[in-house]
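Colleague: When you get a sec, could you give me coordinates for this:
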Amino acid sequence: MRSRRARHAAAMISLAAVITLASSGCAARAAGEQQRAGPARADSLTARATSATKPMPLWLQTLQMVSARTGWALAWSGNPNERSPVTMTLVRTRDGGRTWTDVTPVAARPLITSLDTYFLLFPGPGERAWLAVTRQRSNAESGTTRNRIEVFGTSDGGRTWTTSSLIHAPGVPGSLDFVNSRDGWLLENLGEAMNLNPVQVYMTTDGGRRWSLIAKSPPGPQGGTSRSGLPVSCIKAGIGFATQRAGWISGACFTLSDALLATTDGGLRWAAQPVPVAASTCQSGGCEVTSPQFFGRTGFVSVGTYPGPGYLLTSRNLGATWSAVRLPPGNDPYPTATFFSARDGVLIPTGPQESHPRVFYDTANGGRTWRPVPQGHLGTVTTIEFTSPSSGFAWNLNQASPLIYATANGGRSWSSFVPLS
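Modeller: I've put the predicted structure just below:
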C-alpha cells in the first residue's frame, strides 16, 4: 500500500506494461467500418458525435490528489483490460476525482504512443506540475540503451506547457522534486540488481527547461562510492529537498548506513545520514526509508522494517539530527506516515500483499502519540493517500472496474464512484 513515496518511485510507469495490441480485433473493427459505409454514414457520424459528448469511465494508473478537490493522474485512453489498443494520458480533476480533463502536453503526444515510453509525474503547489517523459531506445547489436528524456512543466493547471531541452542518458527518471517554481532535481535510475542501484542526479534552476548532471554513483556493479559521495548500494526510491541546498535520497536497504543520504550543497556532494535506529534492525528483512517531509525546520521520515512496526524519525533543525519514535504495534511491515503540518499526520499500515487493515492512526502532536481510527468498509485497493487528516482517496489499479474510494472523515466511512472523462 503506497503513499507519498509512490509519488516519486511508483509513479514512473511504462506504456509497454499496459498496452495490449489485438490485430484480429482491429481487423474486425475495420471490416465493420466498411460495412457501415455508404447510406449508413450519417447515422455513424451521429453515433460518434453522441459518444464523443457522453462521459466515459476512466481507468487510472496513478492518482495524485493535492487537495480534497484538485489532483492529477496518469490514465489510460480506454479499458486496459480489453483487447484494444490504449495509450497514456495526463488528466486533471477539480471536483474531487469525479470528472477529469485531458491536459496532456501537445509536444508529448507523439511520445506516448511508443511501447517503450516511461512517465513520471510531480504535482507541485497550486496549478503547477511537471511531467517527465522518457523514450527508450535500445541497440540490439551493442546491447546499450540510450534514452531521450523531456520534462514538461505547467503553471496554469495544464492549459499551457513548457518543454525542456533533451536529456540523453542511459536510464529512466525514478524520482522528481521541486522546492519552488525554478529549482528542481531529477534522480535517474540506471538499473537495480542484488541490492545495487547506480543513479545520476540532474538539477534545474529555470523551472525544468534545462537540466545539468551534478552527481552520479559508480556505474558498474562493482560497488563503491563516487567522488560525489553517491554509493551504488541500496535501492534508491526517492529524492526530496527541503530548501535549495538541503536534500535527501532515500531507499530500501539491508543496512541503514546508506538508506538515507543527505546533501547540504544542492546535490553536488552526498553523505550517509546517521539515524538513531540500531543497524541490526534492517538485517533480517531490510528497511524502507521514505523521503523527508518538511514544514519549516521540522521534518519527518518513516522507517519501515520487517518484521516490526517501524519507526518515525523527527528533526527540528532541518535534518541536521534526528530522533526516533517507535510506531504503534500492528503496523507491520512497512507503514508510512504522511504529514500535513508540523503537528498533523496520518499513519497507514500495510498488511500482507498490500491488504488494508481495519485501523489507521492519526497524530496531532508531531508523531509523539498516535490515535487509532477504525476504518469503514473499503473494497480491495492497492493504494491509499490522504491529502489532510480527514480527506483521503483509495483505488485499485489492477481491478476491472475503475472505482475510486473517498473519505471525508479520516476513513471512518468511504464512498465509491467511477471517475469520468
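Colleague: Return, as residue ranges, the portions of this protein with sub-threshold pLDDT.
Modeller: 1-53, 83, 113-115, 138-145, 219-224, 330-333, 351-356, 398-400 (pLDDT under 70).
Colleague: Tell me where it has helices.
Modeller: When secondary structure is read from DSSP state H, the chain shows helices at 23-35, 41-53, 109-112.
Colleague: got the buried residues for the shortest one?
Modeller: It refers to helix 109-112. By 16 or more other C-beta atoms under 10 Å, the buried positions in helix 109-112 come out as Leu111, Ile112. No exception for glycine: its C-beta is placed from N, CA and C like everyone else's.
Colleague: Over to stretch 200-219?
Modeller: For stretch 200-219, by 16+ other C-beta under 10 Å, it's 200-204, 207-208, 211, 214-218.
Colleague: Tell me which two in those residues are the farthest apart.
Modeller: Greatest spacing in the buried residues of stretch 200-219, by C-beta to C-beta: Gly207 and Pro218 (30.9 Å).
Colleague: show me where the stretch 51-200 of the chain has strands.
Modeller: With DSSP state E, counting those that start in this stretch as the criterion, the stretch 51-200 of the chain has strands at 60-65, 71-76, 88-93, 101-102, 117-123, 129-135, 138-139, 144-145, 147-154, 162-163, 167-169, 172-178, 184-189, 199-204.
Colleague: Distance to Ala271 for the ones you listed - can I get that in TSV?
Modeller: Formatted as TSV, the strands of the stretch 51-200 of the chain follow (distance: least, C-beta to C-beta, whole Å):
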stretch	distance to Ala271
strand 60-65	31
strand 71-76	34
strand 88-93	36
strand 101-102	43
strand 117-123	25
strand 129-135	27
strand 138-139	35
strand 144-145	30
strand 147-154	27
strand 162-163	34
strand 167-169	24
strand 172-178	19
strand 184-189	16
strand 199-204	14
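Colleague: For Thr290, find the nearest of the ones you listed.
Modeller: Here strand 172-178 is closest among those (C-beta to C-beta), at 11.6 Å.
Colleague: Quick one: list the elements packing against the closest one.
Modeller: The contact analysis (3 or more C-beta pairs under 8 Å, 6 or more residues apart in numbering; DSSP states H and E) places strand 172-178 against strand 117-123, strand 129-135, strand 147-154, strand 184-189, strand 235-241.
Colleague: 10 Å instead?
Modeller: The contact analysis (3 or more C-beta pairs under 10 Å, 6 or more residues apart in numbering; DSSP states H and E) places strand 172-178 against strand 117-123, strand 129-135, strand 147-154, strand 184-189, strand 199-204, strand 235-241, strand 247-253.
Colleague: how far does the fourth one sit from the chain's center?
Modeller: Just to be clear, that refers to strand 184-189. 13 Å (C-alpha atoms, centre = their mean, to the nearest Å).
Colleague: Buried residues in it, which are they?
Modeller: For strand 184-189, by 16+ other C-beta under 10 Å, it's Gly184, Trp185, Leu186, Leu187, Glu188, Asn189.
Colleague: How about the third one?
Modeller: The neighbour-count criterion (16+ other C-beta under 10 Å) identifies Asn147, Ile149, Glu150, Val151, Phe152, Gly153, Thr154 as the buried residues of strand 147-154.
Colleague: can you check stretch 73-86 too?
Modeller: Within stretch 73-86, the residues scored as buried using 16+ other C-beta under 10 Å are Ala73, Leu74, Ala75, Trp76, Ser77, Asn79, Pro80, Ser84, Val86.
Colleague: And those, which two are furthest apart?
Modeller: Using C-beta to C-beta, the buried residues of stretch 73-86 reach their maximum pairwise distance at Ala73 and Ser84, which is 20.3 Å.
Colleague: hang on, isn't Arg137 packed against Ala169?
Modeller: No: with contact defined as C-beta atoms under 10 Å, Arg137 and Ala169 do not form a contacting pair (11.2 Å).
Colleague: and those two? which has more neighbours close in?
Modeller: Taking other C-beta atoms under 10 Å, Arg137 and Ala169 do not tie; Ala169 has more neighbours (21 against 13).
Colleague: How about the contacts made by the more buried one?
Modeller: Neighbouring residues of Ala169 by C-beta atoms under 10 Å, 6 or more residues apart in numbering: 134, 145-149, 186, 188, 190, 200, 202, 211, 213, 216.
Colleague: 7 Å instead, please
Modeller: Asn147, Ile149, Glu188, Gln200 (C-beta atoms under 7 Å, 6 or more residues apart in numbering).
Colleague: ok, now Lys236?
Modeller: Leu187, Asn197, Val199, Ile249, Gly251.
Colleague: Around the residue nearest to the fourth one when sequence neighbours are not counted, how many other residues sit close by?
Modeller: Nearest in space to Ile249, with sequence neighbours left out and distances taken as C-beta to C-beta, 6 or more residues apart in numbering, is Leu261 at 4.4 Å. Around Leu261 sit 23 other residues, with neighbours defined as other C-beta under 10 Å.
Colleague: So Leu261 is in contact with Gln273, correct?
Modeller: Yes: look at Leu261 against Gln273 with C-beta atoms under 7 Å: they come within range, at 6.4 Å.
Colleague: where do the contact lists of the two overlap?
Modeller: Joint contacts of Leu261 and Gln273 (C-beta under 7 Å, 6+ apart) are Trp248.
Colleague: mind putting the contacts of Lys236 in TSV, distance to Gly366 included?
Modeller: Formatted as TSV, those follow (distance: C-beta to C-beta, whole Å):
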residue	distance to Gly366
Leu187	28
Asn197	32
Val199	31
Ile249	24
Gly251	24
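Colleague: Those, buried ones only, as a PyMOL selection?
Modeller: Written as a PyMOL command, the selection of buried residues from those, which uses 16+ other C-beta under 10 Å, is:
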select buried, resi 187+197+199+249+251
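Colleague: Of the contacts of Lys236, which is the nearest to Ser165?
Modeller: Leu187 (18.5 Å).
Colleague: How about the contacts made by the closest one?
Modeller: By C-beta under 7 Å, 6+ apart, Leu187 lies in contact with Gly174, Ser175, Val199, Val201, Lys236, Ile239, Ile249.
Colleague: Tell me the one of those residues nearest Phe295?
Modeller: Proximity of the contacts of Leu187 to Phe295 (C-beta to C-beta) peaks at Ile239, which lies at 18.6 Å.
Colleague: who touches the closest one in this structure?
Modeller: His8, Ser175, Asp177, Trp185, Leu187, Gly247, Ile249, Ser291.
Colleague: does it have beta-bridge partners, and which?
Modeller: According to DSSP bridges, the partner residues bridging Ile239 are Ile249.
Colleague: how close does it get to Phe294?
Modeller: Distance, Ile239 to Phe294, using C-beta to C-beta, to the nearest Å: 14 Å.
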